[in-house]
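Enquirer: Whatever this is, show me its structure:
(chains A and B)
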Amino acid sequence: MTNADPKNESTFHVCVIRSDLEQTEVPKQLILDELERHRFDEGSIFAIKLAMEEALTNAVKHGNCFDPCKPVTVRYAVSDEMVAVIVRDEGGGFVPTEVPDPTSPDRLPLPNGRGIMLLRAYMDSVEYRDQGREVYFAKRRG
Amino acid sequence: MPEQRSHLTIKDTDGITVVHFSDRKILEELSIREIGDELTHLIETRENVQLLVSFKNVEHLSSAALGMLIKLNKQVAEAEGTLKLSDISAQIYEVFKITRLNKLFDIHETAGRALTSFSETET
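Expert: Numbering: from 1, shown residues only, chains lettered A, B, ... in the order given. Okay, the predicted model is just below:
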(Lines give C-alpha, C1' and ligand atoms only; values in the text may rest on other atoms or scores of the structure.)
Protein backbone atom coordinates (compact mmCIF):
# COMPACT_ATOMS: atom_id res chain seq x y z
CA MET A 1 0.00 0.00 0.00
CA THR A 2 1.40 3.40 -0.97
CA ASN A 3 1.70 6.14 1.62
CA ALA A 4 -1.24 8.52 1.49
CA ASP A 5 -0.31 12.12 2.22
CA PRO A 6 -3.02 14.34 3.82
CA LYS A 7 -1.49 17.34 2.01
CA ASN A 8 -1.73 15.72 -1.42
CA GLU A 9 -5.25 14.65 -2.40
CA SER A 10 -4.01 12.62 -5.39
CA THR A 11 -2.46 10.14 -2.93
CA PHE A 12 -5.60 9.62 -0.78
CA HIS A 13 -7.00 6.15 -0.17
CA VAL A 14 -10.45 5.60 -1.71
CA CYS A 15 -13.46 3.73 -0.28
CA VAL A 16 -16.76 3.63 -2.15
CA ILE A 17 -19.92 2.53 -0.33
CA ARG A 18 -23.64 2.17 -1.04
CA SER A 19 -26.08 4.74 0.34
CA ASP A 20 -26.74 2.67 3.42
CA LEU A 21 -26.03 3.85 6.98
CA GLU A 22 -24.70 0.43 7.98
CA GLN A 23 -22.17 0.65 5.14
CA THR A 24 -20.71 3.85 6.62
CA GLU A 25 -19.05 1.68 9.27
CA VAL A 26 -16.55 0.49 6.63
CA PRO A 27 -14.75 3.81 5.92
CA LYS A 28 -15.14 4.86 9.57
CA GLN A 29 -13.29 1.75 10.71
CA LEU A 30 -10.59 2.09 8.04
CA ILE A 31 -9.86 5.65 9.16
CA LEU A 32 -9.99 4.76 12.86
CA ASP A 33 -7.47 1.98 12.26
CA GLU A 34 -5.16 4.51 10.61
CA LEU A 35 -5.59 6.98 13.49
CA GLU A 36 -4.66 4.29 15.98
CA ARG A 37 -1.70 3.23 13.87
CA HIS A 38 -0.48 6.82 13.95
CA ARG A 39 -1.17 7.00 17.69
CA PHE A 40 -3.59 9.92 17.60
CA ASP A 41 -4.72 11.07 21.06
CA GLU A 42 -8.16 10.35 22.51
CA GLY A 43 -9.45 13.90 22.03
CA SER A 44 -8.55 13.95 18.34
CA ILE A 45 -10.11 10.52 17.80
CA PHE A 46 -13.32 11.72 19.51
CA ALA A 47 -13.43 14.74 17.19
CA ILE A 48 -12.74 12.77 14.01
CA LYS A 49 -15.27 10.04 14.87
CA LEU A 50 -17.91 12.74 15.35
CA ALA A 51 -16.97 14.50 12.09
CA MET A 52 -17.06 11.22 10.13
CA GLU A 53 -20.44 10.29 11.58
CA GLU A 54 -21.92 13.68 10.67
CA ALA A 55 -20.43 13.86 7.17
CA LEU A 56 -21.30 10.27 6.21
CA THR A 57 -24.83 10.47 7.60
CA ASN A 58 -25.39 13.73 5.71
CA ALA A 59 -24.11 12.15 2.47
CA VAL A 60 -26.29 9.03 2.73
CA LYS A 61 -29.40 10.67 4.16
CA HIS A 62 -29.56 14.22 2.82
CA GLY A 63 -27.23 13.97 -0.20
CA ASN A 64 -28.14 10.65 -1.80
CA CYS A 65 -31.52 10.31 -0.01
CA PHE A 66 -30.73 6.59 0.59
CA ASP A 67 -30.81 5.98 -3.20
CA PRO A 68 -29.13 2.56 -3.66
CA CYS A 69 -27.94 3.56 -7.14
CA LYS A 70 -25.94 6.50 -5.79
CA PRO A 71 -22.59 5.76 -4.16
CA VAL A 72 -20.81 7.70 -1.44
CA THR A 73 -17.10 8.09 -2.09
CA VAL A 74 -14.74 8.55 0.84
CA ARG A 75 -11.11 9.58 0.27
CA TYR A 76 -8.74 9.89 3.19
CA ALA A 77 -5.18 10.13 4.35
CA VAL A 78 -3.61 10.02 7.79
CA SER A 79 -0.06 10.97 8.73
CA ASP A 80 1.61 11.47 12.11
CA GLU A 81 0.70 15.16 11.88
CA MET A 82 -2.83 15.27 10.49
CA VAL A 83 -5.86 13.50 9.05
CA ALA A 84 -7.82 14.65 6.02
CA VAL A 85 -11.09 13.17 4.72
CA ILE A 86 -13.24 13.93 1.68
CA VAL A 87 -16.83 12.65 1.55
CA ARG A 88 -18.67 12.92 -1.75
CA ASP A 89 -22.31 12.18 -2.54
CA GLU A 90 -24.22 12.23 -5.82
CA GLY A 91 -27.14 14.33 -4.63
CA GLY A 92 -28.39 17.74 -5.68
CA GLY A 93 -26.02 19.61 -3.37
CA PHE A 94 -26.87 22.48 -1.04
CA VAL A 95 -25.66 25.94 -0.10
CA PRO A 96 -23.81 25.60 3.22
CA THR A 97 -24.12 29.33 4.00
CA GLU A 98 -27.92 29.02 3.82
CA VAL A 99 -28.09 26.39 6.56
CA PRO A 100 -29.70 28.18 9.53
CA ASP A 101 -27.92 28.57 12.85
CA PRO A 102 -29.21 25.72 15.08
CA THR A 103 -28.33 27.69 18.23
CA SER A 104 -30.69 30.59 17.49
CA PRO A 105 -33.51 30.72 20.08
CA ASP A 106 -36.20 29.71 17.57
CA ARG A 107 -34.19 26.72 16.28
CA LEU A 108 -32.73 25.47 19.57
CA PRO A 109 -35.75 23.25 20.34
CA LEU A 110 -35.70 21.66 16.86
CA PRO A 111 -34.26 18.13 16.66
CA ASN A 112 -32.11 18.50 13.53
CA GLY A 113 -29.59 20.74 11.77
CA ARG A 114 -26.55 20.39 14.05
CA GLY A 115 -24.28 18.13 11.97
CA ILE A 116 -22.54 20.86 9.95
CA MET A 117 -22.06 22.97 13.06
CA LEU A 118 -20.34 20.10 14.90
CA LEU A 119 -18.16 19.35 11.88
CA ARG A 120 -16.96 22.97 11.81
CA ALA A 121 -16.49 23.08 15.60
CA TYR A 122 -14.34 19.96 15.83
CA MET A 123 -12.25 20.16 12.65
CA ASP A 124 -9.40 22.61 11.95
CA SER A 125 -10.49 22.92 8.34
CA VAL A 126 -13.83 22.30 6.61
CA GLU A 127 -14.45 23.09 2.96
CA TYR A 128 -17.60 22.46 0.93
CA ARG A 129 -17.03 21.89 -2.77
CA ASP A 130 -19.07 21.29 -5.92
CA GLN A 131 -22.17 23.02 -4.54
CA GLY A 132 -22.11 21.02 -1.33
CA ARG A 133 -21.82 17.55 -2.91
CA GLU A 134 -18.33 17.17 -1.50
CA VAL A 135 -16.97 18.07 1.92
CA TYR A 136 -13.28 18.15 2.82
CA PHE A 137 -12.36 18.19 6.49
CA ALA A 138 -9.03 17.96 8.22
CA LYS A 139 -7.62 17.98 11.70
CA ARG A 140 -4.08 18.39 12.90
CA ARG A 141 -2.88 16.11 15.65
CA GLY A 142 -4.02 17.50 19.01
CA MET B 1 -36.61 -13.52 13.84
CA PRO B 2 -34.08 -12.68 16.57
CA GLU B 3 -35.37 -10.56 19.45
CA GLN B 4 -34.11 -7.00 19.33
CA ARG B 5 -31.60 -6.26 22.11
CA SER B 6 -32.57 -3.41 24.41
CA HIS B 7 -30.32 -0.38 24.28
CA LEU B 8 -31.38 0.73 27.75
CA THR B 9 -31.34 -0.36 31.37
CA ILE B 10 -34.43 0.96 33.13
CA LYS B 11 -34.92 1.11 36.89
CA ASP B 12 -37.84 2.66 38.80
CA THR B 13 -36.92 4.03 42.22
CA ASP B 14 -39.22 6.10 44.46
CA GLY B 15 -41.32 7.27 41.54
CA ILE B 16 -38.31 8.23 39.41
CA THR B 17 -37.40 6.27 36.31
CA VAL B 18 -33.63 6.04 35.86
CA VAL B 19 -32.34 5.10 32.41
CA HIS B 20 -28.80 4.02 31.56
CA PHE B 21 -27.54 3.39 28.04
CA SER B 22 -26.18 -0.09 27.32
CA ASP B 23 -24.01 1.21 24.47
CA ARG B 24 -20.87 3.26 24.98
CA LYS B 25 -21.44 5.00 21.66
CA ILE B 26 -24.75 6.67 20.73
CA LEU B 27 -23.84 7.48 17.18
CA GLU B 28 -25.62 5.50 14.53
CA GLU B 29 -29.03 6.60 13.31
CA LEU B 30 -30.47 3.09 13.34
CA SER B 31 -29.74 2.39 17.00
CA ILE B 32 -30.72 5.96 17.94
CA ARG B 33 -34.12 5.38 16.34
CA GLU B 34 -34.52 2.20 18.42
CA ILE B 35 -33.48 4.05 21.60
CA GLY B 36 -36.02 6.77 20.79
CA ASP B 37 -38.76 4.13 20.37
CA GLU B 38 -37.86 2.52 23.72
CA LEU B 39 -37.98 5.88 25.49
CA THR B 40 -41.29 6.81 23.84
CA HIS B 41 -42.78 3.53 25.08
CA LEU B 42 -41.45 4.28 28.56
CA ILE B 43 -43.12 7.70 28.63
CA GLU B 44 -46.40 6.31 27.32
CA THR B 45 -46.56 3.66 30.04
CA ARG B 46 -45.95 6.02 32.98
CA GLU B 47 -48.08 8.89 34.17
CA ASN B 48 -46.30 12.26 34.56
CA VAL B 49 -42.99 10.48 34.14
CA GLN B 50 -40.08 11.66 36.29
CA LEU B 51 -37.19 10.62 34.07
CA LEU B 52 -33.47 10.67 34.71
CA VAL B 53 -31.23 9.74 31.77
CA SER B 54 -27.71 8.90 32.90
CA PHE B 55 -24.81 9.05 30.43
CA LYS B 56 -22.49 7.06 32.65
CA ASN B 57 -20.19 4.94 30.43
CA VAL B 58 -21.30 6.79 27.29
CA GLU B 59 -18.17 7.83 25.42
CA HIS B 60 -19.60 9.21 22.21
CA LEU B 61 -22.72 10.69 20.67
CA SER B 62 -23.73 12.37 17.43
CA SER B 63 -26.10 15.13 16.34
CA ALA B 64 -28.72 12.43 15.67
CA ALA B 65 -28.51 11.47 19.37
CA LEU B 66 -28.98 15.12 20.32
CA GLY B 67 -32.05 15.20 18.08
CA MET B 68 -33.45 12.13 19.82
CA LEU B 69 -32.94 13.81 23.24
CA ILE B 70 -34.69 16.98 22.04
CA LYS B 71 -37.69 14.92 20.89
CA LEU B 72 -37.66 13.11 24.23
CA ASN B 73 -37.63 16.44 26.09
CA LYS B 74 -40.70 17.55 24.12
CA GLN B 75 -42.54 14.26 24.70
CA VAL B 76 -41.85 14.41 28.45
CA ALA B 77 -43.05 18.03 28.61
CA GLU B 78 -46.24 17.11 26.72
CA ALA B 79 -46.83 14.27 29.21
CA GLU B 80 -46.38 16.84 32.02
CA GLY B 81 -43.34 14.96 33.25
CA THR B 82 -39.79 15.98 34.10
CA LEU B 83 -36.56 15.07 32.32
CA LYS B 84 -33.09 15.42 33.78
CA LEU B 85 -29.71 14.30 32.41
CA SER B 86 -26.66 13.30 34.43
CA ASP B 87 -23.14 11.81 34.38
CA ILE B 88 -22.15 13.47 31.12
CA SER B 89 -18.40 13.23 30.47
CA ALA B 90 -16.42 16.42 29.82
CA GLN B 91 -15.97 15.52 26.14
CA ILE B 92 -19.69 14.96 25.60
CA TYR B 93 -20.66 18.00 27.68
CA GLU B 94 -18.57 20.04 25.25
CA VAL B 95 -20.92 18.87 22.45
CA PHE B 96 -23.88 20.12 24.50
CA LYS B 97 -22.09 23.43 25.06
CA ILE B 98 -21.17 23.95 21.39
CA THR B 99 -24.78 23.36 20.36
CA ARG B 100 -26.03 25.36 23.41
CA LEU B 101 -28.21 22.43 24.39
CA ASN B 102 -26.80 22.72 27.92
CA LYS B 103 -29.29 25.64 28.14
CA LEU B 104 -32.22 23.48 27.00
CA PHE B 105 -31.68 20.47 29.27
CA ASP B 106 -31.59 20.19 33.06
CA ILE B 107 -28.13 18.65 33.42
CA HIS B 108 -26.64 17.42 36.71
CA GLU B 109 -23.11 16.28 37.44
CA THR B 110 -24.14 12.96 39.01
CA ALA B 111 -27.26 10.79 39.16
CA GLY B 112 -27.32 11.32 42.94
CA ARG B 113 -27.53 15.09 42.58
CA ALA B 114 -30.18 14.76 39.88
CA LEU B 115 -32.29 12.47 42.09
CA THR B 116 -32.05 14.94 44.97
CA SER B 117 -33.15 17.75 42.68
CA PHE B 118 -36.38 15.86 41.81
CA SER B 119 -37.45 16.01 45.47
CA GLU B 120 -36.38 19.66 45.70
CA THR B 121 -38.65 20.44 42.75
CA GLU B 122 -41.57 18.71 44.51
CA THR B 123 -41.29 20.75 47.73
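Enquirer: Which residues of chain B lie near chain A?
Expert: When proximity is defined by Cβ under 8 Å from any Cβ of the partner chain, chain B lies next to chain A at B:27-30, B:59-60, B:62-64, B:66-68, B:70-71, B:73-74, B:91, B:95, B:98-101, B:103-104. For glycine as for every other residue, the C-beta is placed from the backbone atoms N, C-alpha and C.
Enquirer: rerun that using 7 Å as the cut-off
Expert: Residues of chain B lying close to chain A (Cβ under 7 Å from any Cβ of the partner chain) are B:27-30, B:60, B:62-64, B:66-67, B:70-71, B:91, B:95, B:98-100, B:104.
Enquirer: and residue 73, what does it touch?
Expert: Went with chain A since none was named. Contacts were defined as Cβ atoms under 7 Å, 6 or more residues apart in numbering or on different chains; by that measure A:Thr73 touches A:Val14, A:Val16, A:Arg88.
Enquirer: sorry, should have said chain B
Expert: The contact partners of B:Asn73, taken as Cβ under 7 Å, 6+ apart, are B:Leu83, B:Leu104, B:Phe105.
Enquirer: For PyMOL, what selects the buried ones among those?
Expert: Buried subset of these, written as a PyMOL selection, criterion 16 or more other Cβ atoms under 10 Å in any protein chain shown:
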select buried, chain B and resi 83+105
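Enquirer: Please flag which of the contacts of B:Asn73 sit within strands.
Expert: With DSSP state E as the criterion, strands contain B:Leu83 from among these.
Enquirer: Let me have the contacts of B:Asn73 in a markdown table, extended by distance to B:Ile16.
Expert: As requested, the contacts of B:Asn73 are arranged in a markdown table below (distance: Cβ to Cβ, whole Å):
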| residue | distance to B:Ile16 |
| --- | --- |
| B:Leu83 | 11 |
| B:Leu104 | 21 |
| B:Phe105 | 16 |
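Enquirer: and which of the contacts of B:Asn73 is nearest to chain A?
Expert: Taking Cβ to the nearest Cβ as the measure, chain A sits nearest to B:Leu104 out of these, at 5.9 Å.
Enquirer: Surely that closest one is in contact with A:Leu108?
Expert: Yes. With contacts defined as Cβ atoms under 7 Å, B:Leu104 counts as touching A:Leu108 at a distance of 5.9 Å.
Enquirer: picking that back up, any chance of the contacts of A:Thr73 in TSV, plus neighbour count, secondary structure and distance to B:Phe118?
Expert: As requested, the contacts of A:Thr73 are exported to TSV (neighbours: other Cβ atoms under 10 Å in any protein chain shown; DSSP: H, G, I helix; E, B strand; the rest coil; distance: Cβ to Cβ, whole Å):
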residue	neighbour count	secondary structure	distance to B:Phe118
A:Val14	11	strand	52
A:Val16	13	strand	50
A:Arg88	20	strand	48
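Enquirer: Save those residues as a markdown table, and put in distance to chain B and pLDDT too.
Expert: Formatted as a markdown table, the contacts of A:Thr73 follow (distance: Cβ to the nearest Cβ, whole Å; pLDDT from 0 to 100):
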| residue | distance to chain B | pLDDT |
| --- | --- | --- |
| A:Val14 | 23 | 98 |
| A:Val16 | 20 | 98 |
| A:Arg88 | 20 | 98 |
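Enquirer: now A:Val78, nearest residue through space, not along the chain?
Expert: Taking Cβ to Cβ, 6 or more residues apart in numbering or on different chains, and ignoring the residues beside it in sequence, A:Val78 has A:Glu34 as its nearest neighbour in space, at 3.9 Å.
Enquirer: and what of B:Gln75?
Expert: For B:Gln75, ignoring the flanking residues on the chain, the nearest one in space by Cβ to Cβ, 6+ apart is B:Ile43 at 5.3 Å.
Enquirer: looking at this, the one you found is in a helix?
Expert: Yes. Following the definition DSSP: H, G, I helix; E, B strand; the rest coil, B:Ile43 is counted among the residues of a helix.
Enquirer: Look at the residue nearest to A:Val78 and say how many residues are nearby.
Expert: Counted with other Cβ atoms under 10 Å in any protein chain shown, the burial measure for A:Glu34 works out to 17 neighbours.
Enquirer: three-state assignment of it?
Expert: Reduced to three states with three-state DSSP, the structure at A:Glu34 is helix.
Enquirer: show me where chain B has strands.
Expert: According to DSSP E, the strands that chain B contains are B:8-13, B:16-21, B:25-26, B:50-54, B:60-61, B:82-86, B:107-108.
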